[in-house]
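1. Have a look at this fold, sequence not included:
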């Protein structure tokens, strides 16, 4: 019986790497995606040592891609398809928060590029390439902070460029990018073929990861204040690991999960009309063929 092929973005460190640890132990064939090829390979070499004795699961594989660039996200999907990878589980773990406004080479705000566009684009590109297994599970790392998201519910900015002309609050920008991803996931779930599932996994406040220290700005300054209340990385990944391994596939499809059970996101994140608008605008921005319902 073939092992479960699991792709983890942001897999070279942090929660992505810890997720890989748990899934390898569960018998998954792990594929790590990272921006730095050497660092990602080193992570894969370490993960390989965690496979159960006598296990015949293939050694972890790696792919290098800068998920802040649309062309590289598309290239990643094409490479996976060319290598005949049938993705059973896609963990869109890579995330970022930046202290000031800057645009990517595609002309969009950087936080939105990684937290919203990358998982949306990779999911659609893999689907278009025929690289998602018939019962694939897609798990997007989310956050309870999405409740601080700020969106115009009639004309949401899915590119993030409106932050150039208004006060750039790092936490609100991060929260809004995650809110957009939550809304898009809600609509993707409605459009996926029967058998496929997509989820939002909230790891909670986790200590010892790079998201706050690497973010700089206010998030880095406030991180020490929350350490007393934060969970360990091993605790933080329990929800995405459960979503990847539970049998049968958890319900509801498109749902928001915390502590390995369904949770309730903000009222805005549950707005079906807004979810459709966000989906359509994002697909148009990324020049994607929308999934048919």
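-> Structure received. Every value quoted in this text rests on a predicted model; they were computed, and no experiment measured them. Residues are numbered from 1 along each chain as shown.

2. Could you use CA atoms for every contact and neighbour count after this?
-> Will do.

3. In the stretch 101-250 of the chain, mark out all the helices, start to finish.
-> Counting by DSSP state H, counting those that start in this stretch, the stretch 101-250 of the chain has helices at residues 110-112, 118-128, 170-191, 210-215, 217-226, 233-236, 238-245.

4. for stretch 85-99, the distance to its chain's centre please.
-> Taking the mean of its C-alpha atoms, stretch 85-99 sits 4 Å from the chain's own mean (CA atoms, centre = their mean, to the nearest Å).

5. and residue 28, what does it touch?
-> Listed by CA atoms under 8 Å, 6 or more residues apart in numbering, the contact partners of residue 28 are 3-6, 57.

6. Pull out the buried members of the residues you listed.
-> Those of these that meet the buried threshold are 4-6, 57, by 16 or more other CA atoms under 10 Å.

7. Out of those residues, which is nearest to residue 289?
-> Proximity of these to residue 289 (CA to CA) peaks at residue 6, which lies at 24.7 Å.

8. doesn't that closest one fall inside a helix?
-> No - with DSSP: H, G, I helix; E, B strand; the rest coil as the criterion, residue 6 is located in strand rather than a helix.

9. my read: residue 113 touches residue 66, true?
-> No - under the criterion of CA atoms under 8 Å, residue 113 is not in contact with residue 66, lying 10.5 Å apart.

10. higher neighbour count, the two?
-> Here residue 113 and residue 66 are compared on neighbour count by other CA atoms under 10 Å; more neighbours surround residue 113, at 27 against 17.

11. Could you measure from the more buried one over to residue 63?
-> Computed as CA to CA, to the nearest Å, the residue 113 to residue 63 distance reads 19 Å.

12. so what's residue 267 up against?
-> Contacts were defined as CA under 8 Å, 6+ apart; by that measure residue 267 touches no other residue.

13. quick one, phi psi at it?
-> The phi and psi torsions at residue 267 (degrees, to the nearest 10) take the values phi -60, psi -40.

14. cool, and residue 90?
-> Main-chain torsions, residue 90, degrees, to the nearest 10: phi -120, psi 120.

15. Identify the bridge partners of it.
-> residue 7, residue 138 (DSSP bridges).

16. And for it, the neighbour number?
-> Applying the criterion other CA under 10 Å, we find 24 residues in the vicinity of residue 90.

17. Verify the contact between it and residue 137 for me.
-> Yes - between residue 90 and residue 137 there is a contact under CA under 8 Å: 6.3 Å.

18. Could you check stretch 69-83 and say which residues are buried?
-> 69-70, 72-78, 80-81.

19. now these in TSV, with distance to residue 52 and pLDDT?
-> Supplementary listing: the buried residues of stretch 69-83 in TSV, determined by distance: CA to CA, whole Å; pLDDT from 0 to 100:
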residue	distance to residue 52	pLDDT
69	36	98
70	37	98
72	33	98
73	32	98
74	34	98
75	33	98
76	29	98
77	29	98
78	31	98
80	26	98
81	28	98
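
20. how about those in a markdown table, adding distance to residue 201 and secondary structure?
-> Formatted as a markdown table, the entries for the buried residues of stretch 69-83 read as follows, by distance: CA to CA, whole Å; DSSP: H, G, I helix; E, B strand; the rest coil:
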| residue | distance to residue 201 | secondary structure |
| --- | --- | --- |
| 69 | 24 | coil |
| 70 | 23 | helix |
| 72 | 24 | helix |
| 73 | 21 | helix |
| 74 | 24 | helix |
| 75 | 26 | helix |
| 76 | 23 | helix |
| 77 | 22 | helix |
| 78 | 26 | helix |
| 80 | 24 | helix |
| 81 | 26 | helix |
